[in-house]
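1. My questions are about this predicted structure, shown below with the sequence.
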Amino acid sequence: MTSVDMIEGRPLLRSADAAAGAAFASIEIHRDVAAVESLWTDLLGRALATPYQTPAFLRAWSDHAAGHERTAPLIAVARDGDGVAVALLPFGVRRSFGLATAVFLGGTHVNYNMPVVRRDRLAAFGAGEVARLVRETARAGGVDLFVLRNQPTAWNGVSNPFATLPRQAAPDEGYSGPLAESLELHLKRFVSAKTRSAQRRKMRRFEEQGVVRLYRAESADDRERVLDAYFRQKAQRLGARGVDNPFAAPGVDRFIRTAAGLDGGRRTVDLYGFDLAGEVIATFAVICDADRMCGMFNSITSGDPARYSPGELLLNFMVEDAISRGMTRFDLGVGAAAYKQMYCPDSEPLFDSIFGVTALGRAVAAAAAAKTAAKARIKANPTAYGLIERLRKLRAKPVGATETAAAKEPVD
């Protein structure tokens, strides 16, 4: 049972069956990230969340890229009996053929999704209370179906409250690893002596060819240069593989530039670059909190310098920078890749929660869950996945031989 009131024009649901000691007493729905940004920022200071669940980052996505994905914000705030916010669900809603589907904001540009829950209230959000939270959010927001992807079972050793929801294994895992006290110790711990020697030789080759500069892009000019190189290099590499370029979708360029602080707003994404003789030959973008640096996207040149692993050398610089900034964990995101093992030896299981809360939603959920399971089986089968890669290459654009030479470089 719920009763509905209004708070500043937004519906507030007060749960009539919230027992004493319940995790929350009411739910309110916001349909604009900006309207809840201050509350959200304050909550984050005391909450369990990944670096992706920040209002500035998700507002940039909502303002510029969400329209192409037909997603509108549907942010639920749970409050206790005193009106204090204890949890926030950074959802969006997609409507199609009469079906309202709740998803996490950020789309494919977010590696890890989680609710934002106050750490001192986590114990109260057991399975029953999480189910009630989701159920009442659906009731308040008019949701039929939840499709909540890429959720870690735990974050920095703390269990994700949503792990109690109906779930299945996600098609990919996340990859991270602890940072040592220095780059030298880190490389000795995770990278073979043979590979470290090869890296030193490659750096000398670059230094013979021109001035080498590895850097975190702090100035607006450097951030523009890095992003211009990234969009160009990524289009070339994905075209060579016959893969659609998600960064070419409408609004994505503006979203990334806004997140990088190039519109005068708050920067939520850091950019790294590797310049050789004034040309950007490798790029990497990360999103961070105080403890963890999370890789988002990266690229390398399709020219001759790709033969000497500029992406790998840039990763060394990034590890050193993360250590100097006091971080304790380095994360290269979702999806297996050989280069990740050198820096991120720990795989982190992820799960998807796909379930309906209305008759229509339940009917669609079964098909959506089956599709996800099939994708996971294909990715786990080298023969099947290899066939897909070959089919992609058949539709690939012609590229030069130097792009093939770069195939083993770190690219997302």
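-> Nice, thanks for sending it over.
2. The residue nearest to residue 174 when sequence neighbours are not counted: what's it in contact with?
-> When the adjacent residues along the chain are set aside, residue 174 lies closest to residue 348, with 4.1 Å between them (Cβ to Cβ, 6 or more residues apart in numbering). The way it works is simple: take the backbone N, C-alpha and C, and place the C-beta from them, glycine included. Contacts for residue 348 (Cβ atoms under 8 Å, 6 or more residues apart in numbering) come out as 152-153, 173-176.
3. State the distance from residue 348 to residue 288.
-> To residue 288, residue 348 is 17 Å away according to Cβ to Cβ, to the nearest Å.
4. what's the answer for residue 239, then?
-> Here residue 239 is placed at a distance of 30 Å from residue 288 (Cβ to Cβ).
5. Who has more neighbours out of those two?
-> residue 239 (19 against 16; other Cβ atoms under 10 Å).
6. mind checking which helix or strand the more buried one is in?
-> Using DSSP states H and E, residue 239 sits within helix 220-241.
7. so what does that helix touch, helix or strand wise?
-> Helices and strands touching helix 220-241, by 3 or more Cβ pairs under 8 Å, 6 or more residues apart in numbering; DSSP states H and E, are helix 252-259, strand 270-276, strand 279-288, strand 292-300, helix 382-394, helix 401-405.
8. Please, where are all the helices along the stretch 301-412 of the chain?
-> 310-324, 340-343, 359-380, 382-394, 401-405 (DSSP state H, counting those that start in this stretch).
9. just the stretch 101-250 of the chain next, same as before
-> 127-141, 183-190, 193-209, 220-241.
10. The last one to strand 292-300, inter-axis angle?
-> Regarding helix 220-241 and strand 292-300, their directions subtend 60 degrees when assessed with axes from the mean of the first three to the mean of the last three Cα atoms, to 10 degrees.
11. Just the buried residues of helix 220-241, please?
-> For helix 220-241, the neighbour count (16 or more other Cβ atoms under 10 Å) marks 222-223, 225-227, 229-231, 233-234, 236-241 as buried.
12. returning to what we had before: what's the least confident stretch among the helices and strands packed on helix 220-241?
-> Of all the helices and strands packed on helix 220-241, helix 401-405 carries the lowest average pLDDT, namely a mean of 33.
13. Quick check: residue 160 vs residue 350, distance?
-> 10 Å.
14. still on that earlier bit, let's have the contacts of residue 348 in CSV, adding distance to residue 121 and neighbour count.
-> Formatted as CSV, the contacts of residue 348 follow (distance: Cβ to Cβ, whole Å; neighbours: other Cβ atoms under 10 Å):
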residue, distance to residue 121, neighbour count
152, 19, 24
153, 19, 13
173, 28, 16
174, 25, 23
175, 30, 23
176, 26, 23
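15. Farthest pair within these?
-> Using Cβ to Cβ, the two most remote members of those are 153 and 175, lying 14.7 Å apart.
16. contact partners of stretch 186-203?
-> Contacts of stretch 186-203 (Cβ under 8 Å, 6+ apart): 177, 179-180, 212, 308-309, 312-313, 316, 319, 323, 342-343, 345.
17. what's the answer for stretch 352-359, then?
-> 134-135, 138, 143-151, 162, 165-170, 361-365, 368-369, 372.
18. Mind listing what's buried along that stretch?
-> For stretch 352-359, the neighbour count (16+ other Cβ under 10 Å) marks 352-357 as buried.
19. And stretch 279-293, by the same measure?
-> For stretch 279-293, a neighbour-count test (16+ other Cβ under 10 Å) marks 280-289, 292-293 as buried.
20. just stretch 242-253 next, same as before
-> For stretch 242-253, using 16+ other Cβ under 10 Å, the buried residues are 242, 247, 251-252.
21. Same list, those residues, but as CSV with distance to residue 111 please.
-> Shown next, in CSV, are these (distance: Cβ to Cβ, whole Å):
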residue, distance to residue 111
242, 23
247, 15
251, 20
252, 16
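22. Between which two of these is the distance greatest?
-> 242 and 251, at 23.8 Å, using Cβ to Cβ across the buried residues of stretch 242-253.
23. returning to that earlier point: in the buried residues of stretch 279-293, find the pair that's most separated.
-> By the measure Cβ to Cβ, 281 and 289 form the most distant pair in the buried residues of stretch 279-293, at 28.9 Å.
24. Output stretch 123-140 as CSV, restricted to C-alpha atoms.
-> Included here for stretch 123-140 are C-alpha records, laid out as CSV according to Å, rounded to 0.1, in the frame of the first residue of the first chain:
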residue,chain,number,x,y,z
ALA,A,123,22.9,-3.3,6.2
ALA,A,124,19.3,-2.2,6.2
PHE,A,125,19.0,-2.9,2.5
GLY,A,126,18.6,-6.6,2.6
ALA,A,127,16.8,-8.7,0.0
GLY,A,128,13.3,-7.7,1.1
GLU,A,129,14.0,-4.0,1.3
VAL,A,130,15.8,-4.0,-2.0
ALA,A,131,12.8,-5.7,-3.6
ARG,A,132,10.5,-3.2,-2.0
LEU,A,133,12.7,-0.3,-3.2
VAL,A,134,12.6,-1.5,-6.8
ARG,A,135,8.9,-2.4,-6.6
GLU,A,136,7.9,1.1,-5.3
THR,A,137,10.2,2.8,-7.8
ALA,A,138,8.4,0.9,-10.6
ARG,A,139,5.0,2.0,-9.2
ALA,A,140,6.0,5.6,-8.9
